[in-house]
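A.B. asks: sequence first, then the predicted structure:
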Number of protein chains: 2
Amino acid sequence: MPAEEPSTRDKLLDAFETLLVTEGSRSATLDNVAGAAGVSKGGLLYHFHSKDDLVDAMLSRMREMGERDIAAMRTAPQGPVDYYLETSVDSGSAFDRALIAAARIAQENDERAGNALAALREQWFAVLSEHLGDEALARTIQLIGDGLYFDDTSGFTHPRALEHVRDVLARLDF
Amino acid sequence: MPAEEPSTRDKLLDAFETLLVTEGSRSATLDNVAGAAGVSKGGLLYHFHSKDDLVDAMLSRMREMGERDIAAMRTAPQGPVDYYLETSVDSGSAFDRALIAAARIAQENDERAGNALAALREQWFAVLSEHLGDEALARTIQLIGDGLYFDDTSGFTHPRALEHVRDVLARLDF
DNA sequence: TCTACTGTACCGTCCAGCCGGTACAGTGCC
DNA sequence: GGCACTGTACCGGCTGGACGGTACAGTAGA
């Protein structure tokens, strides 16, 4: 089937996230978001009554994707650890973009974004910890995942980072 | 000797960093920075001709602290690995604050900040890699450090994170 | 007719940067 | 010592533009 054209509402959320990720929160203005989505400012404010509304909607969409991600992690054929690490290297997926966007919002002292991210992190940790039966190792792997994320979002990505991590983790044979 | 009162110039840089770290780049306006430093906006602009100037000065100060940090890491009694991990858990030091502030600036697509951070990271990696003689392990440890940083700056800190990392690294007996 | 917009015209506030001024500690010179 | 002047450190009012948000009239398609 042909890829369905996303709704204007989703295009606006996509544009908001993309601006946050690629240019930071100062560039994510209503005018810029509307422009990037190919919509007028009036059109944006038709769908979202305020910037806060836009943030809420973005976080809701992220939570939904988060639930699907946790489920996928639990049932991943390569196991949760490898699934987690792989998806921590920014694949450019919609979920990754949403996560980074939420982190940007959280940095501006936004509790909603902070809480949403914290909740997700707890779930990831729970799956890792449950699977490994080793809290220290689960914590360490989550830290490595955080590092991979941080590097990607800061432009410090090393092409062989994931390979190196796998190499080291293999020595621990858990 | 009594603690010397920092110069107005340094107070302004401190205030700029603190605002970036605690409230994000949107709050780090010239008015807010001046106010937080107990100076008028005119006073701020006497010392720094523009916001760009303020960023340049902040990065210069960070680079100086960075050189001292790399030197300290090389000669640390507990070894560079532990030194690196310990200082990755935000101690609230001036250097930590500068690093986080620079990361915030870098997120707004600022090449100067991005390059300054990248240069520092290369040096940290070089010391780790040299000391360990193991690129994969050095990379992994740097990722863990990045994760510790990311968590701290995002409010996700786990009190026993460092302890857990030490536990896992001990199993690798390098 | 209803939904989903466009486009324009605003408003009040915030923001970066500019500029005229003030205070005051020196410094050179008669 | 007295005067003229310089440089440093700062104040605070102002401007032009950006920003979030409001209001509303119009329109194209289902």
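C.D. replies: Arrived safely.
A.B. asks: and whichever strand or helix holds residue A:71, is it in reach of DNA strand D?
C.D. replies: Using DSSP states H and E, residue A:71 maps to helix A:51-75. Yes. Helix A:51-75 reaches DNA strand D (CB under 7 Å from any atom of the strand) through A:51-52. No exception for glycine: its C-beta is placed from N, CA and C like everyone else's.
A.B. asks: please state the offset of that helix from the chain centre?
C.D. replies: Chain-centre distance of helix A:51-75: 8 Å, with CA atoms, centre = their mean, to the nearest Å.
A.B. asks: which other helices and strands contact it?
C.D. replies: In terms of contacts (3 or more CB pairs under 8 Å, 6 or more residues apart in numbering or on different chains; DSSP states H and E), helix A:51-75 is packed against helix A:8-23, helix A:79-88, helix A:94-107, helix A:111-132.
A.B. asks: for chain A, what lies in contact range of DNA strand D?
C.D. replies: Counting by CB under 7 Å from any atom of the strand, chain A sits next to DNA strand D at A:26-32, A:41-42, A:45, A:49-52.
A.B. asks: would you mind listing which of these are buried?
C.D. replies: A:26, A:28, A:30, A:32, A:45 (16 or more other CB atoms under 10 Å in any protein chain shown).
A.B. asks: I'd like to know how far the last one sits from residue A:20.
C.D. replies: This points to residue A:45. With distances taken as CB to CB, to the nearest Å, residue A:45 is found 19 Å from residue A:20.
A.B. asks: next: the third one.
C.D. replies: Here the distance between residue A:30 and residue A:20 works out to 13 Å (CB to CB).
A.B. asks: most tightly packed of the helices and strands packed on helix A:51-75?
C.D. replies: Comparing the helices and strands packed on helix A:51-75 by mean neighbour count (mean count of other CB atoms under 10 Å in any protein chain shown), helix A:94-107 comes out on top with a mean of 22.
A.B. asks: that helix and chain B, are they touching?
C.D. replies: Yes. Helix A:94-107 reaches chain B (CB under 8 Å from any CB of the partner chain) through A:103-104, A:106-107.
A.B. asks: same thing with stretch A:25-36?
C.D. replies: Yes. Counting by CB under 8 Å from any CB, chain B is contacted by stretch A:25-36 at A:25-27.
A.B. asks: also stretch A:167-174?
C.D. replies: Yes. Between stretch A:167-174 and chain B, judged by CB under 8 Å from any CB, the touching residues are A:167-168, A:171-172.
A.B. asks: ranking helices and strands of chain A by mean pLDDT, which lands last?
C.D. replies: Least confident element among the helices and strands of chain A, by mean pLDDT, DSSP states H and E: helix A:41-47 (a mean of 89).
A.B. asks: contacting residues around it?
C.D. replies: Defining contact as CB atoms under 8 Å, 6 or more residues apart in numbering or on different chains, one finds that helix A:41-47 is touched by A:8-9, A:12, A:30-31, A:33-34, A:37, A:54.
A.B. asks: noted, bye for now.
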